[in-house]
Each structure stands twice: as structure tokens, then as C-alpha cells.
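# have a look at this prediction, sequence included:
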Protein chains: 4
Amino acid sequence: MDKPKPNCGVIGIWGIPEASTMAYLGLYALQHRGQEAAGIVSTDGKRLYRHARTGLVADVFRRRDILERLPGDMAMGHNRYSTTGGSSADNVQPLLVQDRTGPIALSHNGNLVDYWRLRRFLEEEGSLFQTSSDSELILQLVARSHGGTMSDRLMEALQMVHGAYSLVLMTKDQLIAARDPLGFRPLCIGKRDGGWVVASESCALDLLGAEYIRDVNPGEAVLMDKKGLQFLRFAKLRERRHCIFEFVYFSRPDSRVFGDNVDKTRRRLGHYLAKGHPVENVDMVISVPDSSNTAALGFSHETGIPFELALIRNHYVGRTFIEPEQRMRDFGVKIKFNPVAGVLKDKRIVVVEDSIVRGTTLKKLVSHIRNAGAIEVNVRVSSPPITSPCFYGMDFPTKDELMAAWHSVEEIREFIGADSLEYLTEEELLASVPHDNGQGYCTACFTGKYPVPIDVEDDTVKFD
Amino acid sequence: MDKPKPNCGVIGIWGIPEASTMAYLGLYALQHRGQEAAGIVSTDGKRLYRHARTGLVADVFRRRDILERLPGDMAMGHNRYSTTGGSSADNVQPLLVQDRTGPIALSHNGNLVDYWRLRRFLEEEGSLFQTSSDSELILQLVARSHGGTMSDRLMEALQMVHGAYSLVLMTKDQLIAARDPLGFRPLCIGKRDGGWVVASESCALDLLGAEYIRDVNPGEAVLMDKKGLQFLRFAKLRERRHCIFEFVYFSRPDSRVFGDNVDKTRRRLGHYLAKGHPVENVDMVISVPDSSNTAALGFSHETGIPFELALIRNHYVGRTFIEPEQRMRDFGVKIKFNPVAGVLKDKRIVVVEDSIVRGTTLKKLVSHIRNAGAIEVNVRVSSPPITSPCFYGMDFPTKDELMAAWHSVEEIREFIGADSLEYLTEEELLASVPHDNGQGYCTACFTGKYPVPIDVEDDTVKFD
Amino acid sequence: MDKPKPNCGVIGIWGIPEASTMAYLGLYALQHRGQEAAGIVSTDGKRLYRHARTGLVADVFRRRDILERLPGDMAMGHNRYSTTGGSSADNVQPLLVQDRTGPIALSHNGNLVDYWRLRRFLEEEGSLFQTSSDSELILQLVARSHGGTMSDRLMEALQMVHGAYSLVLMTKDQLIAARDPLGFRPLCIGKRDGGWVVASESCALDLLGAEYIRDVNPGEAVLMDKKGLQFLRFAKLRERRHCIFEFVYFSRPDSRVFGDNVDKTRRRLGHYLAKGHPVENVDMVISVPDSSNTAALGFSHETGIPFELALIRNHYVGRTFIEPEQRMRDFGVKIKFNPVAGVLKDKRIVVVEDSIVRGTTLKKLVSHIRNAGAIEVNVRVSSPPITSPCFYGMDFPTKDELMAAWHSVEEIREFIGADSLEYLTEEELLASVPHDNGQGYCTACFTGKYPVPIDVEDDTVKFD
Amino acid sequence: MDKPKPNCGVIGIWGIPEASTMAYLGLYALQHRGQEAAGIVSTDGKRLYRHARTGLVADVFRRRDILERLPGDMAMGHNRYSTTGGSSADNVQPLLVQDRTGPIALSHNGNLVDYWRLRRFLEEEGSLFQTSSDSELILQLVARSHGGTMSDRLMEALQMVHGAYSLVLMTKDQLIAARDPLGFRPLCIGKRDGGWVVASESCALDLLGAEYIRDVNPGEAVLMDKKGLQFLRFAKLRERRHCIFEFVYFSRPDSRVFGDNVDKTRRRLGHYLAKGHPVENVDMVISVPDSSNTAALGFSHETGIPFELALIRNHYVGRTFIEPEQRMRDFGVKIKFNPVAGVLKDKRIVVVEDSIVRGTTLKKLVSHIRNAGAIEVNVRVSSPPITSPCFYGMDFPTKDELMAAWHSVEEIREFIGADSLEYLTEEELLASVPHDNGQGYCTACFTGKYPVPIDVEDDTVKFD
């Protein structure tokens, strides 16, 4: 569909029996963060065991014996959407390599902005690369570090790279979680029965019955081993740059990210949208299920316009869908959403959508809603126009394809065929999100203001 | 989960190019009616081609070449939940057999009540059975009929059986759809570009771009071939006995079944539930997504109590989920639903559920809702207590396991741990559903009044 | 390759623990009799369990859990080459059906000559067919028999059919082996630890550690159940018509078939070939490994000409071999056989081959042998020219493609490019095979004399 | 079975259309050199394409589309038995990595003796290892070389390692074949239609229709690119140390290795064995098919004792064979070989075997031969007793398990239950193999004289 893709979800388990099954369940809860591949590495203190494949979590670990072959009470996992590195099987994480200290596994959510420059440098030094993933770069730097402990070496490596990363690294006896100095992507810590869980979102902790402790702080590494939990700082505290899109679309509404409840924040987007961009004389507010449900509810509560379920989503839609060769109009959207004719007939509608990338899906949806009998279709978007690509881990189309980079709101309205179209403004967006604990946000996709400079080479060099 | 299972979905395509792909799409839209197996038979007028397997539609037909090996502009398909016949691969439909006139394929939604008696009779006559499916019985009767045309033979066979059936039969040059005299299960006809589509629910017509014409009438066979459409009556018009549970739970809200819009009817259940079983001083109405969304919205609109999305459903939950061996409390429910803590905290709640079978899932859900901070949990059920098993195609637990067959409402309330529990009454249920076109309903699961007598042998004989 | 294909191998196990594993091992030993599909049905006295697929035995039963799901101490199996019925999965044996007495499984090696006539008759009577296999016909006849016991019913059915069959039938408490009145195909009985084994060839008994007892006699059914072994005669003793090709090519040399050792008989073919068709002034005798090894050794011993291994066979050649699209000369033969240049260089050779069907493979092989340096290539065939198709279970090309049906020996010699070519005569062939126990042979493929008349309809009707 | 395993087969194709299909065919011919995994890398000059999996060649490349996704007229392939590196999927070759010059692929047959020492050194320098294969070490050294061309860099790397290697390396525009200075393992070059083929054995050239040119010389690298063929020497000419076991057992008899015909040499082993270790008054010579066929023929020709085929080998035996849980005597051997009772009954036998490792298989075989009626069983082995493990690429059991390392010939005779047992002596072995072109041989497994010193660390360190 017409959405930026979250890049990845990571999970780490320390000191819990059946750790690989715990990791599996955690990946399940984080499935929305990456549906292209899944993998788990576990350890029993003697070896590291790995299973990783392309596919959904439930498919990759379909047979119980797979998890049984991942023993131990320490494990880590990864759900993946391709950002850098293409979608080949070689890039499936967690990565598992060996340096002089033994085997090391890494799961990484984010994107480094200086990957190519650093890779070229290491290649000149004789490093051999086996993937085109920026996560391997971190491991190559770790391998070259002369630090005394694994955490020293990891922190030394992280001081050389720039960009977004929330990562989990594992050896035979340690689990280390770390987050970039600006804290682009979320990562939190939970506690369960004397063990710990780290996860991209707290919904994974909920499923595992782990209690949320706090986020891994930006610029912090958290070391878990037999001595307990150690918090190590590897970068000075700076203004934070949380990805605001996690609140707009990526994270599950039942999660807590950046220390705050997603549902509450997303609902506030709906309230601000209603206050700033009201619609008169309409019969109902509808969402595009399920991603804009929460914002639509906020809009409904703010305005008193009834919230309706007018689009039925087919939840069985998989990734390998076979389209007929004969042309069927708007087929791609119809397979996913079917309007409830009885609800929409002769009605004036507000559709609340969370974001518009190319606009093609929304255009078809508006047309379907009209065909189902709606006489007026107003669109309200709970985030500002997307004008700039993300270099910190969201998988966007190129700038060429971003509708709002090249067209006015009026042009977009005309394109999608709505009677009216309004977006949340940047100010309203920033007013909606939490600020009471020193949070700061990256809004680059809406503003083009990139908090970490983009390396020109990395911007232009393409993987082949 | 704790629900009766719909038994099957059927689809038939006549005179549309790429008919097997059309059937595939139709099965996709009907996936909710059967998730255990899927199959398609097509014909190019020379042979019948079949592909059928256990699994979801998207898995069974994962590769395009499978559909390419099902050529022709006539096809039929089937989604299956086991009712009779166990879940073995041999019972996967459509069945494909050969009698003296050539190959015949059959897809059947429903359940015959006199299967064993007729099977024993035919076996004595020397019939050989290859499945334990009641659908094969219909084919054995067709094979023994001396009627002149296939439609004559089918109608002769149908006059010998009793029970519920909405079926599609196909030969090299004809497609025949038929429905039992009481019309237990739905079946409708659509039109597209000079071809026809028959389907269990109209949502399949919507996806295929076919226009809804009308239902196949109870006791009617619809014959499609080169001469056009022919409507043949094989049983006298009697009072109809539509399965009222199709409105309560089975059908998709965007479908039209028994000639009426499901969403509208299901919403009326919510209104009647609110009127007859109000709750005072509560903060919000929530549903158990997605099945009770529509009734909960009706409840909310009737009472003015705000509708909230407080449970997040993980849509990636598949059939092969691996549970940890260590005991995790209420794990089965947690993997599917996660409460949004921020929404429920310190709130008084009405949960609208569509039906209760064993009550075990609801018990866990109520507990989760309380753990998320709710201070009062009232449950309202948009159908009456289920006291009797279904013999017409729903896959229920045995009577022993039906909570309401053995316990009072107060006992159930105590078991699930709700502060209050009320059900829609039978009268309210019947008042909610459409009657303006001579409809009549089977309410046997709520009342024990079986419109077609159950054969004692069939009630007791078990498949081994 | 250019050989008639044996049609099938059957195995039955009575009263041996892990019977399905025993059946699996037996099929393994009989793999040469059918490489297209394999299946096993077992019973624990309560149910019949089945697993059958296309593929080699080791592939079909790759995972141990498959055999574990086939419990009980009674089992039967089948290796299949298609004869009638095409190669579709629906025809994979053992067949498993249900009649009024419960489940019945059947494995059948052979071919009925009056299949279509009987099938048409049964179809008129209302029988429904699910496969196009003549084995199902036997089951349909069993189902219609009014005999009191299963063995009575089977024998009644067998009295209605004509042709070749060595079969095993199984119910929940009995195993019945039977052989057609002329004894076309082999079937023997062995004993092991209080249990019994029936198998197409004795090499399966050897592997299972079972002791060979005797053959199932032509026109005899052997009933195995808790009361012990019962020998029942259902057809009068007539002159036997053992398939002489079992000695020429089909059976393994380490097997005993029709009561006699294959190796000894096949070796005698070599001796008679040498005596009747000698070659002067040659340096060595070579075989086409492995099928003509034994006859070539016989030839060598009779003449004193040294036996040499001059062709290396690649035993990894599987059924799914991918040929390059560019034309490579004689590729099909080269992938299977590579001549040893050092052995053949400047030598005069006799190649002993067991039979010639189309002659295309042999033509290429002669050419390769010459390219490897041989200066004279004489071919001797240890059976007469094949002039007529088989209707009793061998899978031949049609008569049109039988080289010797349309060409003289001199023409064939010229086609294959040999310096000389001679065949064993019919008289020599018959003199080579055992006769001391009343054996008689079918030589139809060499003589066109069919011991059971061929039904004209069956000869011409083609499956579609 | 009880044999040392050859480690690998390699193939390289330059300048031939459908190069990956050519590589596939070549691997097919070399399947006997490695049955655990297979892989191919091809290039169209733009990218390198790889497919590699565990399994036999025909299974790994079962579908035609796999080869179609390996385009270009340059390709390389690898059949693998594990030597170093365990059998995990990560070690499947060809390896494919990227250094500063782009992608590089490597296939390697052999074993480095100083792997661990060099690996530790590189790890200290910051190299990251992704496999535990010694082949990756060569690539790491290539990556660190500052040579100007790929061939310079490869040769620089090879000068740092010690041990056995016959390898093929490929970039987007070059194919380089190289062989260690002592020439342990074979590697030859062929020519076909303006393109070249390099292969472990010449049987692969035969299948591809390529003409044998000459071996890659020890200490030589052969560079193939658009400029033609270039022969580069990277080590001084020293005395050669061809693996004598290639003649005894590994290579196919129809191959030419080390410049000589295997069949001829292996036959000479049989002649020398007969001359030095005759047997009186026996009826026949038999082989253990197929590996000792050639030597047994030599023995027969030298002595005039008739050669017989008395053991039938089941060629369908695969790697995933399921044994029954109940104890079946000598089952492992019986599934593979069945004696022909008629041939052995009351006979005095000489069994020619090529080598004995543990002796367990031969013990069972001797017992089977006796059970089949043989009254005297004499064993003659066409190589000396194996007393020492191989460090140059053969996969042996440890020294502890080598029968002849700890027992006298008489003890071994008693263990296997033979009436007599004699081995070829080292002198006879060396007299049998070719010497007319400066060949020299490694006989370390028979003598413990290791031509390249074994690194103590590598001898003791175990992979974990």
C-alpha cells in the first residue's frame, strides 16, 4: 500500500528459559515493523545458534523443532524490511560472524548515513564484505577495534558511525543494547522473573509478560550479563530527534515508544486535526482501517461527528497475491478494502488518513467510497505533507514519487478526487506529541531539515 | 478462539476468461468462511482440472503457474472448515469424480442430516466411498440417478437428502448452483460482462466487479450453460429457515446475505441490545475486534456512550502458532489481543461481544481488561445464550461444552468475572433481523427447535 | 532410457512390529519396479493410515515422523510406474476406499485387459469412479459383491476381470494377497518372527530378514489374519504364463521370481547367446551397466572372451535432469554412461545388451564406444526382437515405435551402426528359462501371441 | 560406508553460453566427489549470481528457473563434502564476497594446514570471519593484498598458505584456476568451441564435450579472460605429491587425473595385488561394487580366476535413510548390498576391496557372503593398511578409529572374519602408479610421512 515502511523490529532476551521462543513471540508482536524476513540467534553459553529466512515470523518458525534447535536462555531476533541492502536472503538478520573473541550476532533497526564512505575506507584496509547491509559495517568496525571488552569495542565502533540505530548485539555471555545519540528509533527495556527483555516497542514486553522499565537512552549502551545490568554512555546527551512518524503511523497504538503511550498521542493528532481543520455538515467520520482508526476516533470525539466502520479490511491479504492478467479496475485496493454500501449510501463523509505518500491508493479509495453511495468525501490527514525522503530508517519511495514534494494541496485534492483535503500543520503536529521529558523530534520527512547531515555519496550511490 | 466456525464458502464462475483466477479471488473474499483448506476446479470444455490443498487460499495458490494449469472460462472453488468428515486431505473440496457421463465436480456448504442412513443404504447397494464427506453422498446419488440431464439427476438426488446445502456442481459444459428447500445457508448470483458468478456472500461479487442479481432461491437450481441461465425448482416453496447466525457472526459486514445487508442488521442487534440491556454510568463501549465492531457501534450510537478501540488485534496470528512450554498466563488470548492501557485506565467499560460458546476466551479477556486498569467491566452479548448444537453446517463444540446449556446467566457472569452480563433475547434477535420479504430463520442453536428433524443415527454415530 | 518399464512393485506385511517401516524397506528393495510414486497404508486394527506421493521411496518418506504416523503391525506398500491411468497424483497407490464393511486398501501390479468394458458397465449401474486406474475397478467389484467375507468378495471380483494382477488387499484385520490365474507377474511369500511378508520379488524378503516360503500360486488368494495363513483357490489350475521379460530385464538378479533364481537364468541367456551367436576375433565382452551385466558375464564365461567394465554409469542421474538448451550431441546418453577410453582404444568389442526397443540409445552408445577408440563393435542381444506391445503390465512405447516391428535385423544393425548384430531366438530364450516345475511363459512381446485375448475397446480407447 | 570421503569437486567455465548449465552438468559428473552440498556462481559481466544449498546436484538445481537466474557465459561450481568447517549451510561453496574491487567467488578442493594460525593472525588484525571454512581464509588474504591485479593478489595470498588446494576464483571478468605447489589434488583444463573448462576430473570434460588439454600444473595459476589463456607460476617447481588415493578409490575410472588414466592404473593395482598376494583353489573373484570393480577385474585377468558379480548394489540408497527402531542384524550393509545366493553357494571366493578404514562394513559383508553359501572367503585389498589421518583434503575418521593404526593384519583378518587377508604393500602400490612424467605421490595415509608439515595447533584445535 501507499505507506512508508518501517524498517525493522528488534528483540533481545537475557536470562529467561526458552529464550528463543520468547524472542519468537516478541517478533510476533513486532511483526508490523518488518514483514520481509525474520531471524533469531540464541546461545547456551557454548555456541551461537541461528535460524533466519525471508517470510513472516510464523512461516519462518513454522515447525517447533526449529525453536528447539535454538537452545539457551539468551536470544535475540529481528524482523526486517529492506532499507539498505536490497531484499536478498544474504541480508537477513541477525547477522552472525566471528572475530578473534568468538561469535557475535547483531540485529539493527535504523540506517547509517555514512555507510559507503566507511565501507570504502575499510575495503581499502583489506576488509571483506559479505552483505550489502550497513549492519555489517558496525561489525567490521567492532572487529577492528582494540578495545578490551566487547562493550568498549562496540562503543568505539558506534562513535565512528553516524545515523540512526537501535541495536542488539550478542556474544556467548553478553547481550548489549544500544541506541544512537539522537534516539531516532525506539528501544525499551523490560524485566521478567529475574531476566530482561529489550524490544523496539513495549507491545512485545506486554506479550511476554515483562514489565516496562525505561527506554534505552540515546547515546547509551545497556550491557546485560551475569553481573547484572550496566548502563554505559558513549555519546554526550544532545537534543533528541525521535522519529515523529513512529507516533503518526509506525508503532502499534498499544505500545509505549519514546516513553509515551502511542494511542494517546495518536488520538491527540485526531483532536488537533479536528480543531484546526474542521468539516461542516457531515454525517460521519471514517478511518482507513486499521492504521488511522485511532486518529479518526480522536477526530470524532473532538467534533462529535459519529465514528463509523465503513471500510472492511481483508486481513488475509498476503504478500504473494496473484492478480488476474485481465485489467480489473482498482483491483489492488479492492482486494484489501471493501466499502459497506449500506453505511455510506447518501452520506457526507470525512475520511481520516494518517499520511499520503504517492496518493494513488487514496485516489482509488475515494472513488470506491463514492461508488458505494457517498455524496461528499472530505479527507483529513493527521500529519503534514511528506516532501522529503528519510535517511534514518524509513523505506520511502524516492523524492520523485512523493506527491507533496511537487504538488500543492489543491492539486493533490484534485488528484485524489476529494471534495476537500486538509493536512495537519507542522506546528499542530509538534503540539500534539509529548514534550514533558525533554523529547525532541525529527520531522525531516515533512520539513527537509535533516538533524544528521547526509553523506552525498551515500545519497547518490545505488546498490547494484 | 471461542466461536462457532462457519463451515464453508463456495464460488462458481461461468463464462469469464481466466475463470480460475476469478474463483481464486472469490475464495479470497470468502476466506473467513473456511480457513482449513481451499480448492478450485476449472474446465476448458475438454477436461476438468483440479488443485486443492489444506491451507489458506493464498498459500494453496501461491504460485501463478498453479492457476495457469487451471484453464478455461468456467471454474468453481471451495473454502473449507471441517464439519463432517474430519480434517484429512481426502475431504478437501471441490470433489472431482467420474460417472458414465464424464467428470463432475462439486463444492458444498452445509450439512446433511441423514448422511449415515443414506450412506449405509448405498453401501449395501455396492457404492464405494472414498471420503467421509456428505458431499460425496450427493455425487453417489447423482451417479445412480437415471435422469436424462445432469440437472435432472442433481435435482433427483437432492430430493433424496435432507439438511442444509448451498452447492455448486460443474461438468465440462454446465455449472449448476442449488440451495436446500429451507435456504439455511446463503448463495447469491451476480453478473459480469456476459458471464455469471455464484457465491456464498456478495462480498465476493464486489471484489470481482460482478453486479448482484438475486439469491438462488431455496429449493431452486440455477443452470448456467451456453443457452443462458435457467431457473429450475425442485422443491415446493416452504417457510424459509435462514441461519440467523450468519447475521450474528459469520458473514462479512460488507456482504449482503439472504437478500439483506449484514452491516445494517448487525448494527440493529446493537441497537436492540442497548435498548433492552442498558448500562448506567459507563465511560465507553468497546468491541472484541473485529467480529463485534458493528454491534458495538450500534450500541454506542443508541446510547451515546463513546465507542472506543481499546483492544489491538494482532492480524498476523496464523494457524501454526508455537506456544512456549513454560506456562504463560492467558497466553492464547494475549497473542491475539493486547489492551491499550492508556485507554482503559480507571474507566468503566461495556464490552459488546457477539456470542459466547465456552466462555473461556472472554474470561481471559475480561481479566486483561481489568489488568489494563478498567474499574468496571460490563458484558453485553448481541445474541441469546447458545444452548444447542447445530446440525446444519456450523462447527460447534458438543453440547457438553456449551456454557449456556448447563449454566445460568449469573453463573456465566461469575465465571467470566464480569460486573454484569446480559444477552439479547430471542424476541429481540428476531425483531432485529429482516422480515419484509418473507424471510424466516433457523434459531436452533438458541432454542433447540430444529426445523429439519435430526436423524438419531447421525446424531450419535461418530466418524473414526 | 530405451527400455520397457516394469509397472509396479507391491509389498505386504502381516504381524510384524513397525510394519510401515518394514513396508518402506521392502519398497526400497523394489524401487527398480516403479520410480514414479510410492505409498504405504498401515493399520493398528482401528483405522487405516495412508501416505502416498509421487517421487522415489526415500523422498516420499523422507521424514521419520511420516512413518510414525503409520502405526500398527500390518501394512502394505506400492511402487508405481504408470501403465493405465496416466501419471496424475490421483492414481498413486495404495488406493484407500470405504465400503459397507469399512476401509479397504489395495496395491496392484499388472493390467486388466477388460477395464473399459467393465467400467462402462459399472458406470451404467451408478458406480462413481475417482481415478482412471484399473485397480479401482477391482474395488468397485468388491463393493458390489454380496459375498460373506472379504476374501469371498475379492475372489468373486477377480473372477469377473481378465488380465494380469499380483495384488495385496488390506482391511483392519486381514491382509489378502492374490495372483491372476496365469501368473503373469511374480508374487512371493516369506516368513519372519511369526509374521509374514508378501512381495513382488524375494530381494525384499532378503532385506527384511524374512525367509522365502513359496510363490503365491496363479489363481490363488492367500489370506493372513489372526487365525493364520489360509490358501484359497479362485481359478482352476491352467498353463502358466509368467512374464518372460522378468528374467530378461525387470527383476533384480539377486531375486527369486516364479520360483527361480534370476541371476542363474539370466546368465543362461548369456550362455545360449554365446553358443548360438558367437563372434570371432574380439578382445572383450562388455555390458551396458547394470542391466546386462549378468548376461554379459554368461557370454564371457561361455566363450572365454574377457569380460570388461568399459562403460561407467553415473548413478546419480535422477528424474529431474535439466538439459542445456543448446544442442549437445548425444547428451542424454552421455550423462548416463561414459566410456573408459583406455579400455576401448584399438579394441574389437562385443556389447551384450538385454533388449532393444527403439534403438536410439544403443545407436548413441555404439557411436560413443567407437569415439573412445574401439575398432569393431558387435552387438548381441539376450532376447528376441520386440515386435508387439504388452497388455499385461509392461509400459512399452506403441507398436509404431518398436524398431523390430517394422525393420529387419539388418536394418536395425545399420541404424545402430554396429559391425554385427544378432538376437537370441525365441527357441533359445525358451530353452534358457526354467521349466522343471510346470512353468510356462508369456512371450507376447516377442511373438504377438497373447495368452489372454485383448479387448478391442481397451486396445483403442485412450484415456483423456 | 566405511570409506574415506573425497572432499570436493570444482568446475569452472569460461566463454561458453549457458555457462551455469555447463557448470551444473560438470558438477553432475563430479557428484561422487561431494554429495553434501552443491553450488554455482555465474556472471554476465555485470553482477555475480549465486545459488548454493545442501543436497545432491540434481536436488539443489531441480527447477530450470534456478539455472535461468544464473545468466552469463562464465560460471563456476562446487560439490562439497565437509572437511574443515562442519556441515552447516554457511559453509556451502562457492563463497561469494565483496572487496574493494567488487564481488569475488571461490571454489576450493583441498585443505590448508595452517588455517588456524593464519586465521588467528588475521582476526588480530581486525578481520571478520563469517564461515569456518579455510577457503574464506584465502579470500581474506586476497582482500588484504595490495597487488595490482586479481591474479597478483591471489598469488600473493597463496604464497602465504600451506597445504592442498585446487581452486577456481571468479570476478566479473576473469576466471582463475590454481593448484598448490605439490599438486595434491587434481585439476585439469579442457577446450570447447572457443571457451575453456577447468575441472577436478576429466570425466566432467567428457560430458561437456570439451577436449582435455593438460593439467593445471602444481604451483601454477591459469588466468582466463578476454585476452585469452595466461599461465602464471607462483611457486617453484618441486617434487610433486599427488594424492595416491585418487587412483586407489576417489576418482572415477573413466577420468584422467594427474595426467593419467585412472582405469588403467587401478587395474594395475589389481594385477600387482594378484601377483604379490595370490590365492590358491578359489572359484571366483568378486568385487564390492562399484568401487573395487576395476581392481577386481585386474586381479581376475592376472590370475585367470573368473570375475563374478555376486553382490547387487541398490543404487537408490539415499542420504536420508530411515532405519527401523527394532534391531535388524547388519541392516546398514544389507540395504546397500544383497548377495546373489545362486552365485555364491558352495563356492570359494576372493573378495577384492580397495581399502579398509574401520573394517566394520567389510566384517558384515563377509558374514553376508558366508550366509549366501560361500565356503571360503579370502580378502585382498588393493592398497596398504591405512594408519594415519589425512590433512590434505580427505575426510577420514580420527586415528583412533583407523583399524590398521592399532591392529595387525592378522587381528584385522580375525575381526572381519575372513579366511585370509592380504594388503598391497607400499612398494607394490608405488610400482603400480605412473612415474613416466615426473609424478610423485603423497602416501601419508599409509606411511605417516607428511610432505607438508602439520601445524600442531591445527591438528588439535577443534571447531566448536
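Sure, I can see it.
# which residues in the stretch 1-150 of chain A form strands?
All strands of the stretch 1-150 of chain A, identified by DSSP state E, counting those that start in this stretch, fall at A:8-14, A:37-43, A:48-54, A:74-80, A:95-99, A:102-112.
# quick check: A:Thr265 is in a helix.
Yes: counting by DSSP: H, G, I helix; E, B strand; the rest coil, A:Thr265 is part of a helix.
# what about it, neighbour count?
24 (other C-beta atoms under 10 Å in any protein chain shown). The C-beta positions use only the backbone N, C-alpha and C, and glycine is treated the same way.
# which residue packs closest to it, ignoring adjacent ones?
A:Phe247 (4.8 Å; C-beta to C-beta, 6 or more residues apart in numbering or on different chains).
# could you dump the strands of the stretch 1-150 of chain A to TSV with distance to D:Pro186, mean neighbour count and mean pLDDT?
Converted to TSV, the strands of the stretch 1-150 of chain A look like this (distance: least, C-beta to C-beta, whole Å; neighbours: other C-beta atoms under 10 Å in any protein chain shown; pLDDT from 0 to 100):
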stretch	distance to D:Pro186	mean neighbour count	mean pLDDT
strand A:8-14	47	31	97
strand A:37-43	40	28	96
strand A:48-54	35	20	92
strand A:74-80	43	31	96
strand A:95-99	32	21	93
strand A:102-112	35	26	95
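# how much space separates A:Leu122 from chain D?
To chain D, A:Leu122 is 9 Å away according to C-beta to the nearest C-beta, to the nearest Å.
# that residue against A:Gln140, yeah?
Yes: between A:Leu122 and A:Gln140 there is a contact at 5.3 Å, judged by C-beta atoms under 8 Å.
# now do the contacts for the closest residue to A:Arg358 other than its chain neighbours.
Distance criterion C-beta to C-beta, 6+ apart; nearest residue to A:Arg358, sequence neighbours excluded, is A:Asp2 at 5.1 Å. For A:Asp2, the contact set (C-beta atoms under 8 Å, 6 or more residues apart in numbering or on different chains) comprises A:Ile356, A:Val357, A:Arg358, A:Gly359, A:Thr360, A:Thr361, A:Leu362.
# need the phi and psi values for the fourth one.
Meaning A:Gly359. phi 90, psi -10 (degrees, to the nearest 10).
# contact partners for the spatially closest residue to it that is not a sequence neighbour?
Among residues not flanking A:Gly359 along the chain, A:Met403 sits closest, at 4.3 Å (C-beta to C-beta, 6+ apart). Contact analysis of A:Met403 by C-beta under 8 Å, 6+ apart lists A:Ile356, A:Val357, A:Arg358, A:Gly359, A:Pro385, A:Ile386, A:Ile412, A:Phe415.
# okay, and which of those residues map to helices?
A:Ile412, A:Phe415 (DSSP state H).
# wait, which of the contacts of A:Met403 is closest to chain B?
A:Val357 (21.4 Å; C-beta to the nearest C-beta).
# contacting residues for the closest one?
Residues in contact with A:Val357 (C-beta under 8 Å, 6+ apart) are A:Asp2, A:Lys3, A:Pro4, A:Ile386, A:Phe396, A:Pro397, A:Glu401, A:Leu402, A:Met403.
# do that again at 10 Å, thanks
Contact analysis of A:Val357 by C-beta atoms under 10 Å, 6 or more residues apart in numbering or on different chains lists A:Met1, A:Asp2, A:Lys3, A:Pro4, A:Ile386, A:Phe396, A:Pro397, A:Glu401, A:Leu402, A:Met403, A:Ala404, A:Cys445.
# over to A:Gly183?
Contacts for A:Gly183 (C-beta under 10 Å, 6+ apart) come out as A:164, A:166, A:215-220, A:238-243, A:258, A:439-442.
# can you count the residues close to the nearest residue to it once chain neighbours are set aside?
Closest residue in space to A:Gly183, ignoring its immediate chain neighbours: A:Pro218 at 3.2 Å, by C-beta to C-beta, 6+ apart. By other C-beta under 10 Å, 24 other residues sit near A:Pro218.
# noted, bye for now.
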